[in-house]
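Chemist: My questions concern the predicted model and sequence given below.
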Amino acid sequence: ETGVTQSPTHLIKTRGQQVTLRCSSQSGHNTVSWYQQALGQGPQFIFQYYREEENGRGNFPPRFSGLQFPNYSSELNVNALELDDSALYLCASSFNVGGLPQETQYFGPGTRLLVL
Amino acid sequence: KQEVTQIPAALSVPEGENLVLNCSFTDSAIYNLQWFRQDPGKGLTSLLLIQSSQREQTSGRLNASLDKSSGRSTLYIAASQPGDSATYLCAVNRVRWSGYSTLTFGKGTMLLVSP
């Protein structure tokens, strides 16, 4: 198992609500990336935080936002939830230099979000 | 836009067979390529990472090759076992112009190894 943890493991929300997902990175890692994985699909890149700043973003609307804290843990916030936001949300941590990974990314177990 | 395709989408084999999973990508300007394993409802486990300058990597019964110029990678699993049953994902790591890298994944190959 990796040292990356995520909470909660499962979550049920209704349309229009807001949700916060949490990720603790592996010790020594300074970068966290978030991915959304719909059923039967590969993970899609949402955004990446490097040394507490967002340094890259995929094709997701602004209602997807995040934070990285001084201990390099991270949060993913989603406002105004839609049915299509139902997915497995994965975070991955890595040690980056100048924004580039020096080794493989380590993934957490994910948070399964269901929007009704 | 980088696109990653994995073939086949699903594979069912008897225990002991050697098998090959295929991955192709459209943009050869990659930083590295990784193969992951995903068990149902779980996160991703990294199996092999091949840097863009490398041709192959091996770990136990797994061997991954990379042909960057043709945009292809293969994952070879020798002497398959029921415990190998999982979805295998290929992901290419690309460096963006602003200096960060992202993984672009294929949809995966779902492997079932029967005893």
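Modeler: That came in fine, so what should we check first?
Chemist: what's the next secondary structure element after the helix or strand of chain B with the lowest mean pLDDT?
Modeler: Ranking every helix and strand in chain B by mean pLDDT, DSSP states H and E puts strand B:101-105 at the bottom, with a mean of 90. Sequence order places strand B:109-114 as the next helix or strand after strand B:101-105, per DSSP states H and E.
Chemist: That next one and chain A, any residue contact?
Modeler: No: interface with chain A: strand B:109-114 contributes nothing (Cβ under 8 Å from any Cβ of the partner chain), its closest point being 9.2 Å away. The C-beta positions use only the backbone N, C-alpha and C, and glycine is treated the same way.
Chemist: on contacts alone, who are the packing partners of that strand?
Modeler: Applying 3 or more Cβ pairs under 8 Å, 6 or more residues apart in numbering or on different chains; DSSP states H and E, one finds that strand B:109-114 contacts strand B:10-14, strand B:19-25, strand B:86-95.
Chemist: who in chain A is up against chain B?
Modeler: Residues of chain A lying near chain B (Cβ under 8 Å from any Cβ): A:2, A:4, A:6, A:33, A:35, A:40-45, A:48, A:50, A:55-56, A:58, A:88, A:90, A:92, A:96, A:98-101, A:103-110, A:112.
Chemist: among these, which ones are buried?
Modeler: Buried subset of the residues of chain A next to chain B (neighbour count, 16 or more other Cβ atoms under 10 Å in any protein chain shown): A:2, A:4, A:6, A:33, A:35, A:42-45, A:48, A:50, A:55-56, A:58, A:88, A:90, A:92, A:96, A:99, A:101, A:104-110, A:112.
Chemist: Show the low-confidence segments of chain B, by residue range.
Modeler: Scanning chain B with the threshold set as pLDDT under 70 gives B:97-99.
Chemist: Might you enumerate the residues of chain B proximal to chain A?
Modeler: B:4, B:31, B:34, B:36, B:41-46, B:49, B:89, B:91, B:93, B:95-96, B:98-108.
Chemist: Just the buried ones from the residues you listed, in PyMOL syntax?
Modeler: In PyMOL, a selection of the buried entries from these looks like this (16+ other Cβ under 10 Å):
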select buried, chain B and resi 4+31+34+36+43+44+45+46+49+89+91+93+95+100+101+102+103+104+105+106+108
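Chemist: what lines up beside the least confident helix or strand of chain B in the sheet?
Modeler: strand B:86-95 (antiparallel) (DSSP bridges).
Chemist: got the phi/psi numbers for B:G83?
Modeler: Taking degrees, to the nearest 10, you get phi -70, psi -10 for the backbone angles of B:G83.
Chemist: Can you give me every residue that contacts it?
Modeler: B:V113 (Cβ atoms under 8 Å, 6 or more residues apart in numbering or on different chains).
Chemist: Give the bridge partners for B:Q34, please.
Modeler: Under the criterion used (DSSP bridges), B:Q34 bridges to B:L49, B:A91.
Chemist: what's the spacing between the residue in chain B that chain A sits nearest to and B:N22?
Modeler: Here the residue of chain B nearest chain A is B:F105; by Cβ to the nearest Cβ that distance is 3.2 Å. In this structure, B:F105 and B:N22 are 15 Å apart, going by Cβ to Cβ, to the nearest Å.
Chemist: Count residues in the vicinity of the closest residue to A:Q18 other than its chain neighbours, would you?
Modeler: Among residues not flanking A:Q18 along the chain, A:N79 sits closest, at 4.9 Å (Cβ to Cβ, 6 or more residues apart in numbering or on different chains). Residues contacting A:N79 under the criterion other Cβ atoms under 10 Å in any protein chain shown number 13.
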